[in-house]
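Enquirer: Requesting a structural model of the entry that follows:
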Amino acid sequence: MAESSRPLLLAQNRKVRHLRAIFLRNLTFDRIQGRSADDSEVKHSPGKAEALRESSKLQHSASTENLYSLRPASTRRRSTNLGSATPLTRQKHIEASIDKRVANVFFSLHLPGDDGGDPLYISEVGERATNFDFRSFELSRDADATVLRSPQLTVKVWTQRSGAWSLHLEQFLDLRRLNFLGGLVGTNFPPNCLIFHLIDGAYTLELPAKPFPPKQGLLEPTSSYNALMRLSTLGNSIQDALATQDKLKEQICSLVADHADSQLQLTEADDGLKLANKYVTAEQRAVKGTIQQIEHLQTSITDRRDMISQGRSLMDKTDQDMKNALAKLVQDKEQCNTTKDEIRGQRRRICEDLNEIFRIEPVPNGKPLQFQIRGIYLPNAEDYGAGLLSGAQEDELSAALGHVALLTQHLEMYLSVPLAYPITCCGSRSYVTDHISILKDPVRDFPLYIPRGGSSAHFRFDYGWFILNKNIETLCTAQGLKVMDIRHTLPNLKYLLYVCSAGTDELPERKKGGVRGLRAGIMRSRGISLADDVHSLASSRRGSVDSDMPAGGRPGDGARNRLDSLIASRGKVRESDSIPDMPDVDIVFQESFGKVNLRTKGMREHVAK
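Expert: Residues are numbered from 1 along each chain as shown. As a prediction, this is how the structure comes out:
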């Protein structure tokens, strides 16, 4: 805290808001002994005497019977001779002496007479000392304005020595009764002395106020009396001259106003006329520009009206077109949905036909997941061993893979799923082409039969079988199926046909027409003659180019003639021979059927039979 040589605040002006810090000096817990409890206990400082005079209650002095008797001084046993003691004993003795005098201390500020209320301020805890310099504070931030204007408050000092806090000192404080100390250096403080720091210095109640010499002012040189009088007279003269000047100005202005020249008035009138003409010209120019702007705006408004009318007519036409389009859109949506349903039904029928044509069945007395296609056994890729096959088994394997390739090619076309690896069907000599992989070999056709040529040829066969299985996996993925193992060729195809041919609706019939040669052969096999055509192979669509050409000049007549002779050599087909009808398989399958997993283990193979 900054020290001041003299107080800056008057005693009656000291308020709680001026309090900045509180210090405690010479903390002691000893009682005063050796003196009587009489008026001699009262300090005779001016502040204490004034406080006693202001006390409202008069207390009597104690009688001689109540005085404490002074005991004769007796010889005390000295225990300070620690010369022969051990260092540990000395240390304990010193620590015990210190513990008797030090304590943990904090103070709190309260309103006078408000013992049960919340304190205005609680200081931090000072640890193990006898002199405490608590941190500075400012009560104007949290306290009420009425409290800050009060000169009185109560200070309570709390101590802790053996674990419990106790009230050590409670002092009622009137800031107007404090004695100014100035500085704290070189001052002997009594026991349990509280020092109050205000904004102008340190104060206390325990010590008398220090006398301060009067403040010595600095003498500054100034003017003499005669010079000041001359200066005053000169100022009065100047004021009189200024007043006379103003009066003369008013008289001159009045004379000029009363005797103005007529020529001056004429000049002023001419100037006013020129200015008025100038204003009139400017206004006429502004009116002309405004008229032109009005005409331009009227033209623009007319054009906009025409454009608005055209836009409205176009908008009405657009609305009508939209209404017509909406009506047509509903019809198109219905037709699209109908077409989708028909496509789905035709795909079901085609898959059912493919399932009947390429019949995939479990191997009798075989292991699980062992199937045969059209009576030809095809092992899974994981069960295949190239070194254990004979010539007949190799031919059987090639034929089975040829059927699988043909079935996969048909499914690619009918399900509209493009495959990454194109398949070329040539019976038991079918092959698969890989155009997308990075291969060192320029030949990208991989056989689906076991060629002759050693390990490299077998590798090409294995790779061709692998990409064939990848094509089957692509078909399954397109239908929402998850393939667990792509090496199961026939199980995956079986399950794909099973799912694609499933559904609750009846299978649609084949549309009449199609390839007329096939239909003519079927009708002729049933003994029905066609009146509009001599032979189905020699017929063509009405109105086509082939129908206008002579019978011997159409392309393909030689092939047709050879085919006719071949049919004649084989003889007529018996009337009982007919194409059997395909039985419907009632399997639950809906469009919103979720993603289907391919569970081949434990699958009931005879459900779709």
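Enquirer: can you count the residues close to C193?
Expert: 18 (other CB atoms under 10 Å). Every residue, glycine included, has its C-beta placed from N, CA and C.
Enquirer: what are the phi and psi angles of it?
Expert: phi -90, psi 130 (degrees, to the nearest 10).
Enquirer: hang on, isn't it packed against E206?
Expert: Yes. Shown here, C193 and E206 form a contact pair, counting by CB atoms under 8 Å, at 4.6 Å.
Enquirer: tell me the strands in the stretch 351-500 of the chain, going along the chain?
Expert: With strands called from DSSP state E, counting those that start in this stretch, the stretch 351-500 of the chain shows them at 360-362, 371-373, 376-378, 423-424, 431-433, 445-447, 481-482.
Enquirer: so where's the stretch 51-200 of the chain shaky on pLDDT?
Expert: The model of the stretch 51-200 of the chain has pLDDT under 70 over residues 51-83.
Enquirer: The chain too?
Expert: Looking at the chain by pLDDT under 70, you get 1-4, 31-83, 217, 260, 262, 385-391, 453-454, 510-609.
Enquirer: in it, which helix has the most residues?
Expert: helix 262-357 (DSSP state H).
Enquirer: one step back: so for C193 and E206, which residues contact both of them?
Expert: Residues touching both C193 and E206 by CB atoms under 8 Å, 6 or more residues apart in numbering: none at all.
Enquirer: what's the closest of the strands of the stretch 351-500 of the chain to L329?
Expert: Nearest to L329 among the strands of the stretch 351-500 of the chain is strand 481-482 (33.8 Å), distances taken as CB to CB.
Enquirer: Show me the helices in the stretch 51-200 of the chain, by range?
Expert: 87-101, 145-148 (DSSP state H, counting those that start in this stretch).
Enquirer: now these in CSV, with mean neighbour count and distance to K367?
Expert: Shown next, in CSV, are those (neighbours: other CB atoms under 10 Å; distance: least, CB to CB, whole Å):
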stretch, mean neighbour count, distance to K367
helix 87-101, 11, 94
helix 145-148, 12, 100
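Enquirer: Redo those as JSON lines? Include distance to D114.
Expert: Shown next, in JSON lines, are the helices of the stretch 51-200 of the chain (distance: least, CB to CB, whole Å):
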{"stretch": "helix 87-101", "distance to D114": "33"}
{"stretch": "helix 145-148", "distance to D114": "10"}
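Enquirer: Out of those, which is closest to T489?
Expert: For the helices of the stretch 51-200 of the chain, the distance to T489 is smallest for helix 87-101, at 95.5 Å, taking CB to CB.
Enquirer: Quick one: distance of that closest one to the chain centre.
Expert: Relative to the centre of its chain, helix 87-101 is centred 64 Å away, using CA atoms, centre = their mean, to the nearest Å.
Enquirer: For it, give me every contacting residue.
Expert: If you take CB under 8 Å, 6+ apart as the criterion, helix 87-101 is touched by 27-29, 82, 85, 128, 130, 161.
Enquirer: Export it to PDB, keeping only CA atoms.
Expert: Only the C-alpha atoms of helix 87-101 are listed here, as PDB (Å, rounded to 0.1, in the frame of the first residue of the first chain):
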ATOM      1  CA  PRO A  87      19.300 -31.400  18.300                       C
ATOM      2  CA  LEU A  88      16.000 -33.300  18.100                       C
ATOM      3  CA  THR A  89      15.000 -32.000  21.600                       C
ATOM      4  CA  ARG A  90      16.000 -28.400  20.600                       C
ATOM      5  CA  GLN A  91      14.000 -28.700  17.400                       C
ATOM      6  CA  LYS A  92      10.900 -30.000  19.200                       C
ATOM      7  CA  HIS A  93      11.300 -27.200  21.800                       C
ATOM      8  CA  ILE A  94      11.500 -24.500  19.100                       C
ATOM      9  CA  GLU A  95       8.500 -26.000  17.200                       C
ATOM     10  CA  ALA A  96       6.500 -26.100  20.500                       C
ATOM     11  CA  SER A  97       7.300 -22.400  21.200                       C
ATOM     12  CA  ILE A  98       6.400 -21.400  17.600                       C
ATOM     13  CA  ASP A  99       3.100 -23.400  17.800                       C
ATOM     14  CA  LYS A 100       2.100 -21.500  20.900                       C
ATOM     15  CA  ARG A 101       2.300 -18.200  19.100                       C
END
